[in-house]
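Enquirer: Pasting the sequence and the predicted coordinates here, then a few questions.
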Amino acid sequence: VQLVESGGGLVQPGGSLRLSCAASGFTFSSYHMSWYRRAPGKEREMVATIHRTGVITNYADSVKGRFTISRDNAKNTVYLQMTSLKAEDTAVYYCNAGGYGLGPFSSWGQGTQVTVSS
């Protein structure tokens with residue numbers, strides 16, 4: 001399993017970013033996928049989940065209405081569009097399998113840092 005996240009950076013409050021995660025080493029279209037984040041001093045949390053078909057999505061309350069998860073099974077890629085970013089969104093963001101009762105792979109990518117600051 002290989003997961004490579006990209007697209008993070010420094011953005012001002014209210015700004016937007018689009019994260020991407022390229023997956024390989026498993027049958028991507030057979031897995032529900034999620035984005036997770038770990039903020040400094042906090043536990044890792046799941047912020048968005050997408051069904052393997054792409055039809056169903058779910059979000060943590062903290063990001064609902066601001067973040068959108070999507071996937072392209074032909075490209076083995078999952079995305080996270082983030083808008084109206086807040087300082088509390090600052091974290092390292094990771095993608096992995098998971099959601100709908102299933103957990104992540106034990107292997108994680110390096111993540112991508114998102115920093116929201118003026």
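Expert: Perfect, I can see it now. Numbers count the residues shown, from 1 in each chain.
Enquirer: Tell me which stretches of the chain form strands.
Expert: For the chain, the strands defined by DSSP state E occupy 2-6, 9-11, 17-24, 33-38, 45-50, 57-59, 67-72, 77-82, 91-97, 112-116.
Enquirer: want to throw the ones you listed into CSV with mean neighbour count?
Expert: Just so you know, the C-beta spots here come from the backbone N, C-alpha and C atoms, and that holds for glycine as well. What follows is the strands of the chain, written out as CSV (neighbours: other CB atoms under 10 Å):
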stretch, mean neighbour count
strand 2-6, 17
strand 9-11, 14
strand 17-24, 18
strand 33-38, 23
strand 45-50, 21
strand 57-59, 16
strand 67-72, 18
strand 77-82, 22
strand 91-97, 23
strand 112-116, 18
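Enquirer: is it possible to export those strands to CSV including mean pLDDT and distance to residue 104?
Expert: Below are the strands of the chain laid out as CSV (pLDDT from 0 to 100; distance: least, CB to CB, whole Å):
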stretch, mean pLDDT, distance to residue 104
strand 2-6, 98, 9
strand 9-11, 98, 24
strand 17-24, 98, 12
strand 33-38, 98, 7
strand 45-50, 96, 9
strand 57-59, 97, 15
strand 67-72, 98, 15
strand 77-82, 98, 13
strand 91-97, 97, 4
strand 112-116, 98, 16
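Enquirer: and residue 73, how far is that from residue 25?
Expert: 15 Å (CB to CB, to the nearest Å).
Enquirer: Could you measure from the residue nearest the centre of the chain over to residue 82?
Expert: Residue closest to the mean C-alpha point of the chain, counted by CA atoms, centre = their mean, is residue 35 at 2.5 Å. Separation of residue 35 from residue 82 (CB to CB): 9 Å.
Enquirer: what residues are shared contacts of these two?
Expert: 19, 67 (CB atoms under 8 Å, 6 or more residues apart in numbering).
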